[in-house]
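Undergrad: sequence first, then the predicted structure:
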Amino acid sequence: MRAAQAAGQHKNGFLAEAVTSAAAEAFRRARGVALCESQVVAGLVAFEGGVAELADGEGKSAGAGLAACLGSLCGGVHVAVLDDYLACRDHAWFAPVFGVLGVTAGVVTTSSKPEQRRGAYQADITYGSYRQFVHDYLRDGLARMPADRVQRGLASAIVDEADTALIDHGRDLVSLGGRETANPGPYAAMARLAAQLDRGTHYEIGARASVIRLTAAAEHALAGFARAGQRG
C-alpha cells in the first residue's frame with residue numbers, strides 16, 4: 001500500500017478502498033469491532049479534507065482512527081483532540097489496531113519531554129491535543145538548531161470535535177512562556193508608548209477582550225514616536 005501511495009495510485013481510489021478494507025479487518029481482529037457504514041464514510045470524508053458529522057454514540061473516534069490509517073501512508077498524520085486525557089485514551093485504544101496494520105503511533109501530552117515528543121512525532125500517527133501541536137510548532141519555530149526541533153514536518157491532520165476546536169476555541173490565543181529577557185528596555189519603552197494611546201481614538205477592543213485593533217491614528221502616532229526616538 002505504501003508503494004501504491006508512492007506511485008500515485010491513491011488518485012484513482014484504489015488506495016482508499018484497500019486501506020479501508022484492511023483497517024476494517026484490523027478493527028475486527030484487534031478489538032472485535034465491526035466498523036459501521038457511517039464510520040467508514042466519516043473516515044473517508046475526513047481523509048479527503050472534509051467535515052463529517054456523527055451523532056453521539058455513532059463512533060466519531062473510530063471514524064478519526066480510520067482517517068488516520070489512510071493518512072499514515074501520506075507522510076504521517078496528526079490526530080488533534082481536545083485534551084491530554086482524550087489523546088491518551090484514543091492512542092491506547094487504537095494502538096493494537098494500528099499494530100495489526102504495521103503502522104506506528106505515538107502520543108504527545110503536556111508532561112512529555114522533548115525526546116518523548118520527538119519520538120512521538122516520528123511515528124506514522126501522532127495523537128495529541130491541538131494546543132500541544134500548536135505549542136510544539138511555535139517552539140520549533142524558535143529553535144536555534146534543527147536538532148532542537150521535535151516535529152518532523154507537517155503532512156496532514158485529523159481534528160476530532162472540529163466544531164469545538166475550530167469554532168468555540170478557534171479564537172483562543174496560544175502563546176509561549178519563557179524566561180524574562182535580560183534586557184527589558186524594549187518592553188518598558190513599548191509600555192510607555194501604549195500608555196499614551198487612547199481607547200476609541202487609537203485602538204478598539206473587540207467583543208472578546210483578547211482582541212485589540214489599532215486605528216490609523218495609532219499607526220500615525222506610533223510612527224511619530226519612532227521618529228522622535230531616533231532623533232533622541
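TA: Sure thing, it's come through.
Undergrad: count of neighbours near A34?
TA: A34: 10 surrounding residues under other CB atoms under 10 Å. In this view, the C-beta of every residue, glycine as well, is placed from N, C-alpha and C.
Undergrad: what's the helix or strand for it?
TA: Counting by DSSP states H and E, no helix or strand carries A34.
Undergrad: my read: it touches A23, true?
TA: No. The pair A34 / A23 is not scored as a contact, 11.8 Å apart, by CB atoms under 8 Å.
Undergrad: how far is the strand or helix carrying R227 from where the chain is centred?
TA: In the assignment (DSSP H and E), R227 maps to helix 216-231. Put simply, helix 216-231 sits 38 Å off its chain's centre (CA atoms, centre = their mean, to the nearest Å).
Undergrad: and what of stretch 72-85?
TA: 8 Å.
Undergrad: avg pLDDT for it?
TA: For stretch 72-85, mean pLDDT is 87.
Undergrad: list the buried residues in it.
TA: By 16 or more other CB atoms under 10 Å, the buried positions in stretch 72-85 come out as 72-73, 76-82, 84.
Undergrad: could you dump these to CSV with distance to G63 and secondary structure?
TA: Listed next are those as CSV, based on distance: CB to CB, whole Å; DSSP: H, G, I helix; E, B strand; the rest coil:
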residue, distance to G63, secondary structure
S72, 15, helix
L73, 17, helix
G76, 19, coil
V77, 14, strand
H78, 16, strand
V79, 11, strand
A80, 14, strand
V81, 13, strand
L82, 16, coil
D84, 21, helix
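Undergrad: would you point out the most distant pair within the residues you listed?
TA: L73 and D84 (27.0 Å; CB to CB).
Undergrad: buried residues in stretch 206-223, which are they?
TA: Neighbour-count burial for stretch 206-223 [16+ other CB under 10 Å]: 218, 221-222.
Undergrad: ok, stretch 196-203 next?
TA: Buried residues in stretch 196-203, counted by 16+ other CB under 10 Å: 197, 202.
Undergrad: swap in stretch 117-124?
TA: Using 16+ other CB under 10 Å as the test for burial, stretch 117-124 gives 117-121, 123-124.
Undergrad: out of the residues you listed, which is nearest to D172?
TA: R117 (21.7 Å).
Undergrad: send me the one helix or strand the closest one maps to as PDB with only the CA atoms.
TA: R117 belongs to helix 114-122 when assigned by DSSP H and E. What follows is helix 114-122 as a C-alpha-only set of coordinates in PDB (Å, rounded to 0.1, in the frame of the first residue of the first chain):
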ATOM      1  CA  PRO A 114      11.500  16.800  24.300                       C
ATOM      2  CA  GLU A 115      12.800  13.300  23.500                       C
ATOM      3  CA  GLN A 116       9.400  11.700  24.100                       C
ATOM      4  CA  ARG A 117       7.800  14.400  21.800                       C
ATOM      5  CA  ARG A 118      10.400  13.800  19.100                       C
ATOM      6  CA  GLY A 119       9.800  10.000  19.200                       C
ATOM      7  CA  ALA A 120       6.000  10.500  19.100                       C
ATOM      8  CA  TYR A 121       6.300  12.800  16.100                       C
ATOM      9  CA  GLN A 122       8.400  10.200  14.200                       C
END
